[in-house]
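# here is a sequence with its predicted model. Questions after.
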Amino acid sequence: MKRFQFRLETVLRHRKTIETLREQDFATAQGMLAGIEAQMTALRADYRATLAARPGSVAGETFDAGAIFDRERYLATLLAGIVQQERNAEAARIVCDEMRRGLVLARQARESVSRLRDKDLLAHTALTHKLEQAALDELATLRHARAHSALAHEEQEAAEEKRAA
């Protein structure tokens, strides 16, 4: 019997390719989200460090209005950066969720064709075993018939020799 050939093999390969692309898209989206969150964490740490360095936190520090103004302006800039990064992170989470949904759909589509392939392979294997068994049964029947025919032929010859004697 010929070897197994899945009729939708090209569809299966295409869906595997699509799934791989969706995995890459999802990984890229996750990487972008992780980068944004790392930037946000760094900005927050810098903000906390700057807050801790405000005048009055160290004993004996001199009062400098220009430095205070610069620090407050820097804190405002940090807060604006944190707010912007939070917006970017929310947008990246939405993109990441969309990529995850796309990956899940691609995986389901590939798995449905894979299940069809497995089912067809199982049917092909069962048919192959059935045909092999039928061939073996036929071979056994022929051997039995030959052996039975040879035995009957020997008995007939023995009977003819008895009659002749």
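Structure received.
# distance between the longest helix belonging to the chain and the chain's centre?
As assigned by DSSP state H, the longest helix anywhere in the chain is helix 65-164. What separates the centre of helix 65-164 from the centre of its chain is 12 Å, taken as CA atoms, centre = their mean, to the nearest Å.
# can you spell out which helices and strands pack onto it?
Applying 3 or more CB pairs under 8 Å, 6 or more residues apart in numbering; DSSP states H and E, one finds that helix 65-164 contacts helix 9-52. C-betas here are computed from N, CA, C, even on glycine.
# neighbours of V113, how many?
Using other CB atoms under 10 Å, V113 has 18 neighbouring residues.
# likewise for the one 5 residues further on?
Summarising burial for D118: neighbours were counted as other CB under 10 Å, giving 12.
# quick one: pLDDT of it?
D118 carries a pLDDT value of 95.
# roughly how far does I36 sit from Q133?
I36 sits 63 Å away from Q133, going by CB to CB, to the nearest Å.
# of these two, which one has the most company?
Counting neighbours by other CB under 10 Å for I36 and for Q133 shows that I36 has the greater number, 20 against 10.
# show me what contacts the more buried one?
85, 88-89, 92 (CB atoms under 8 Å, 6 or more residues apart in numbering).
# just K16 next, same as before
Contacts for K16 (CB under 8 Å, 6+ apart) come out as R110.
# list the contacts for the residue most central in space within the chain?
Relative to the mean C-alpha position of the chain, the nearest C-alpha, by CA atoms, centre = their mean, is the one of R107, at 6.5 Å. By CB under 8 Å, 6+ apart, the contact set of R107 is 19, 22.
# again, but for L121
By CB under 8 Å, 6+ apart, the neighbours of L121 are 4, 6.
# distance-wise, check it relative to R13.
16 Å.
# so where's the chain uncertain?
By pLDDT under 70, the low-scoring segments of the chain are 55-61, 165.
# which of the contacts of I36 are buried?
Among the contacts of I36, the ones that count as buried by 16 or more other CB atoms under 10 Å are 85, 88-89, 92.
# nearest to A147 among those residues?
Comparing the buried ones among the contacts of I36 against A147 with CB to CB places A92 closest, at 79.6 Å.
# ok, that closest one touching L33?
Yes: in terms of CB atoms under 8 Å, A92 counts as a neighbour of L33; the distance is 4.1 Å.
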